[in-house]
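K.L.:
kindly generate the corresponding structure for this input.
(chains A and B)
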Amino acid sequence: MRIILKKKDYEDMVARARAELPNEACGLLAGRDEGGERAIEKVYMLTNTDHSPEHFALSPKEQLDAVRDMRAHGLKLSGNWHSHPESPARPSAEDIRLAFDKNISYLILSLEDKENPRLRAFHIENGSSAPEELFFTD
Amino acid sequence: MFITVGGERKEAVDGLTVAGLIALEKVEMPEYVSVPVNEEFVQRDNFETHVLKDGDVVEFLYFMGGGVFAGEGC
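P.N.:
Purely as a prediction, here's the structure:
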């Protein structure tokens, strides 16, 4: 799956991740799938209820609000995202273990290099992860 | 009766419980799914006893989280 993300949304994710330091930031992604491409139309910033630099959990209430908003806008759940404040942009064993929805993409934003954030996308299924192509658009 | 599940209106039998709906919908890994009915989250302990009513709006939300544990070297 090729993931298409607006540059502005990426910048907003970076800003949110920096604002949440030292804790992990997290959220949801909504969009549309067509012909092997997944266009992200909306990025949701949710509360990390773990308030931790090493763990994240999305607020269920905010998750519900986001899903309802997606539906109202004709979008579907495309994925989730979270930041790694001090580690690379790849899923940890715990990220993989807790990725229960194989139909969505998992985006990880690393702030390990504070000046050069790195965002990568993954498909996670049956306990293993594989990178997905990620493209930015204006 | 009719209920709405994940945004889709569906016919359901009277007396259907949340647990019954989870089975009917073949929800994978239900132990990691939370279920709001009309925006109120049903306690997991009540899945077997919470009977759905005509017009109920039900969602299945997977737990979403993760983390890096000490020594993992991620």
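
K.L.:
which residue packs closest to the residue nearest the centre of chain B, ignoring adjacent ones?
P.N.:
Central residue of chain B (C-alpha atoms, centre = their mean): B:V35, 3.2 Å from the mean position. Closest residue in space to B:V35, ignoring its immediate chain neighbours: B:V42 at 5.0 Å, by C-beta to C-beta, 6 or more residues apart in numbering or on different chains. (Glycine included, C-beta is placed from N, CA and C.)

K.L.:
that neighbour and B:V33 touch, don't they?
P.N.:
No. Using C-beta atoms under 8 Å as the test, B:V42 is too far from B:V33 to be in contact (10.7 Å).

K.L.:
sec struct for A:P22, please.
P.N.:
Per DSSP: H, G, I helix; E, B strand; the rest coil, the secondary structure class of A:P22 is coil.

K.L.:
who are the contact partners of it?
P.N.:
Residues near A:P22 by C-beta atoms under 8 Å, 6 or more residues apart in numbering or on different chains: A:53, A:85.

K.L.:
for the residue nearest to the centre of chain B, pull up the helix or strand it's in.
P.N.:
Following DSSP states H and E, one finds B:V35 within strand B:33-37.

K.L.:
and chain B, is the helix or strand containing A:R68 touching that?
P.N.:
Secondary structure assigned from DSSP H and E places A:R68 in helix A:60-72. Yes. Using C-beta under 8 Å from any C-beta of the partner chain, helix A:60-72 reaches chain B at A:60-61, A:63-64, A:67, A:71.

K.L.:
just the buried residues of these.
P.N.:
Among these, the ones that count as buried by 16 or more other C-beta atoms under 10 Å in any protein chain shown are A:60-61, A:63-64, A:67.

K.L.:
which one of the residues you listed sits closest to A:L119?
P.N.:
The shortest approach to A:L119 among those belongs to A:Q63, at 21.0 Å (C-beta to C-beta).

K.L.:
A:T49 versus the closest one, what's the distance?
P.N.:
According to C-beta to C-beta, to the nearest Å, A:Q63 stands 10 Å off from A:T49.

K.L.:
can you check A:S78 too?
P.N.:
Distance from A:S78 to A:T49, counting by C-beta to C-beta: 22 Å.

K.L.:
those residues of chain B touching chain A, which are they?
P.N.:
Residues of chain B lying near chain A (C-beta under 8 Å from any C-beta): B:7, B:28-29, B:32, B:34, B:36, B:39, B:41, B:59, B:61-70, B:72, B:74.

K.L.:
what's in contact with the helix or strand bottoming out on mean pLDDT in chain B?
P.N.:
The weakest-scoring helix or strand in chain B, judged by mean pLDDT, DSSP states H and E, is strand B:65-67 (a mean of 90). For strand B:65-67, contacts defined as C-beta under 8 Å, 6+ apart pick out A:24, A:50, A:52, A:54-58, A:82, A:91-92, A:94-95, A:97-99.
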